[in-house]
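Novice: Provide a 3D model corresponding to the input given below.
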Amino acid sequence: MYRIYLYRDDYGRLTHHRPHRSSGEADETAAYIQCGSFVEDVGFWATTQEAIDYFNDQFAKRFGEDGVTGGGLAETMLGLKIHYNDDELSSEMTMPGFIDAISERFENNFDAPIPSTPLPVNHVDKKHEGEVDSARRKLFQQMVGCLTWATHQAKPEAMIASSILASHNQNPGEEHIKLARQAIRYLRGTKNRGIKFHGSSEVLDREYPRRNKLDCMVDANLGADAHSEHSRSCYVIMLNGGVIKMKIMKQTRVSRSTGHAECQAFVLLTQGIQLCRDILTELGYSQGSVRICEDNAAVTMQAGGDSQGARSGHYRRDQAAIDEVVNAGKIFVDKIPSEENISDVGTKAIKPAELFQYLRDKMTGYNDAVDITPTVQKAIDATTVAKKPRCAKFLGSKVLGSESAAHGTNAAKKGATKSRTDPRQEQNESGNLMQTAKNRNI
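Specialist: Numbers count the residues shown, from 1 in each chain. Below is the predicted model:
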């Protein structure tokens, strides 16, 4: 990711070379370009049309007119098809071409019905005990590789299928080939659906303003791996209605309880949030206290300092890592029902199929409903006398993070009662400092 600043020269033309004025006056930035590159593909946007024209001209001069294609509004990139809806102010990313190609390559029965889920709803992961078949293994690895690319680009709801199947790459059985073909048929049946992002106030300001604010979910499945007793983690990070980062992985340590597995997944999520916070801040969209939706009541209560219980002593180190982030006001934990937890689609096969489709649509932006929990409603009610935009500031501030950190915990929790001055305190509209989780006793 790069940001290129543009200036005006003595003749009023744009240039990326900062002029040196004899008067010593500072030059103001006329515009800037934000761009990212992947091999020979470049995606960019700029603050003015003049800056876009300048960027395209510089590419043409460097590589020649025949050496550069595109330069306009992106419709395809890295195999992704991008569709814009000017009426809804939304955009969709799909990859029907790639999905058609892998279907023609790997499917052996196009008359088979299209499944409603990438995995059977009653799927139980089992390893193949027979001898290794090198031809079958090669075919299976090719199928899994293609599935992985599709699910990491525009079909995140099927990532659980590619993740589970990938664990059988060394010795797949015929049952795993059948599962891979089912996942590919599912992709073919939903090839025109991908990830949808919203830009309208009708969607992003519903209930409370959420524009350019992160929303996260996390879950874990205790002992889910077929080859060992390791658990499977999944977290989802969303922005403007659609998923921007999702990770499914087998945990590196065997968890001895559900709370232990959930906390391991939680720690991974905090690392992913920090990456997203840094990128968004660089783009000019600073984040307050990021909401994390968790369906495990024990973890929700333990997050933020209540880590002295004997039953949770075996994963106290993970709790300490979570405490540090919560008490810094970077995140707050919100308890939600399991049937509303989007990250559940990344830990196991969801049943019934209708629940999977509901969670899929919420994760990929086709269902733009907002989850209003008691914690969030409390924050909204606290701002009823203020203007609605202020509600977004409150929900994205460290104040809500401090209140949520104490959700269901004792007042004497570790770390929360320590009065410390935080240089990152923000000022509210009246000029008073907002209290953070570090200096507020609840």
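
Novice: residues touching A135, list them.
Specialist: Not one residue lies near A135 by Cβ atoms under 8 Å, 6 or more residues apart in numbering. C-betas here are computed from N, CA, C, even on glycine.

Novice: which residues in the stretch 51-200 of the chain form helices?
Specialist: Secondary structure of the stretch 51-200 of the chain (DSSP state H, counting those that start in this stretch): helices located at 96-106, 134-153, 159-166, 174-189.

Novice: ok, residues contacting the first one?
Specialist: So the one you mean is helix 96-106. Taking Cβ under 8 Å, 6+ apart as the rule, helix 96-106 contacts 79, 81, 110, 139, 142-143, 146-147, 149-150, 155, 180-181, 184-185, 187-188, 191-192.

Novice: any chance of a ChimeraX selection covering the buried ones in those residues?
Specialist: Buried residues within the contacts of helix 96-106, by 16 or more other Cβ atoms under 10 Å, are selected in ChimeraX with:
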select :81,143,146,147,149,150,155,180,181,184,185,187,188,191
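
Novice: tell me the buried residues in stretch 41-57?
Specialist: By neighbour count on 16+ other Cβ under 10 Å, the buried set for stretch 41-57 is 42, 44, 46, 51-52, 54-55.

Novice: among these, name the ones in strands.
Specialist: 42, 44, 46 (DSSP state E).

Novice: so for the last one, what's the pLDDT?
Specialist: At A46 the predicted local confidence, pLDDT, stands at 91.

Novice: which residues touch it?
Specialist: By Cβ under 8 Å, 6+ apart, the residues touching A46 are 31-34, 52, 55.

Novice: and of those residues, the nearest to N367?
Specialist: N367 has its nearest neighbour among these in Q34, at 29.7 Å by Cβ to Cβ.

Novice: the closest one: how many residues sit nearby?
Specialist: When neighbours are defined as other Cβ atoms under 10 Å, Q34 has 16 of them.

Novice: A strand includes it, no?
Specialist: Yes - assessed with DSSP: H, G, I helix; E, B strand; the rest coil, Q34 lies in a strand.

Novice: neighbours of L78, how many?
Specialist: L78: 13 surrounding residues under other Cβ under 10 Å.

Novice: wait, it touches D41, no?
Specialist: Yes - with contacts counted by Cβ atoms under 8 Å, L78 reaches D41, the gap being 6.0 Å.

Novice: just give me the residue right at the centre of this protein.
Specialist: I237 (2.3 Å; Cα atoms, centre = their mean).

Novice: is the closest residue to that residue other than its chain neighbours in a helix, a strand, or coil?
Specialist: Distances taken as Cβ to Cβ, 6 or more residues apart in numbering place K245 nearest to I237, at 4.2 Å, with adjacent residues excluded. Per three-state DSSP, the local secondary structure of K245 is strand.

Novice: verify the stated contact: K245 with C234.
Specialist: No - with contacts counted by Cβ under 8 Å, K245 stays clear of C234, the gap being 11.6 Å.

Novice: what residue ranges in the stretch 301-442 of the chain score low on pLDDT?
Specialist: Within the stretch 301-442 of the chain, the stretches with pLDDT under 70 are 304-310, 384-442.

Novice: strands of that one, start to end?
Specialist: Shown for the stretch 301-442 of the chain, the strands assigned by DSSP state E, counting those that start in this stretch span residues 331-335.

Novice: follow-up on the earlier one: the more surrounded of K245 and C234?
Specialist: Ranked by neighbour count (other Cβ under 10 Å), K245 and C234 place C234 first, with 27 against 18.

Novice: how does this protein divide into domains?
Specialist: 2-72, 94-189, 195-405 (automatic domain parsing).

Novice: make a markdown table from the ones you listed and add distance to N85 to it.
Specialist: Below are the domains of the chain laid out as a markdown table (distance: least, Cβ to Cβ, whole Å):
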| stretch | distance to N85 |
| --- | --- |
| domain 2-72 | 18 |
| domain 94-189 | 13 |
| domain 195-405 | 9 |
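
Novice: deepest in the core, which of those domains is it.
Specialist: The highest mean neighbour count among the domains of the chain, using mean count of other Cβ atoms under 10 Å, belongs to domain 195-405: a mean of 19.

Novice: hmm, back to that, quick one: pLDDT of the residue nearest to the centre of the chain?
Specialist: Looking at I237, its pLDDT reads 96.

Novice: part of a strand, is it?
Specialist: Yes - counting by three-state DSSP, I237 is part of a strand.

Novice: and it, what does it touch?
Specialist: 214-216, 243-246, 269, 272-273, 276.

Novice: give me that answer again for 10 Å
Specialist: Neighbouring residues of I237 by Cβ atoms under 10 Å, 6 or more residues apart in numbering: 214-218, 243-247, 269, 272-273, 275-276, 290, 292, 343.

Novice: what about V243, distance to L179?
Specialist: As judged by Cβ to Cβ, to the nearest Å, V243 and L179 stand 23 Å apart.

Novice: scratch that, K250
Specialist: As judged by Cβ to Cβ, K250 and L179 stand 17 Å apart.

Novice: same question for A166.
Specialist: The spacing between A166 and L179, counted by Cβ to Cβ, is 12 Å.

Novice: also N109?
Specialist: N109 sits 14 Å away from L179, going by Cβ to Cβ.

Novice: what of G259?
Specialist: 31 Å.

Novice: again with T383
Specialist: 49 Å.

Novice: quick one on the thing from earlier: would TSV of the ones in strands among the buried residues of stretch 41-57 with distance to E202 be doable?
Specialist: Shown next, in TSV, are those (distance: Cβ to Cβ, whole Å):
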residue	distance to E202
V42	33
F44	28
A46	27
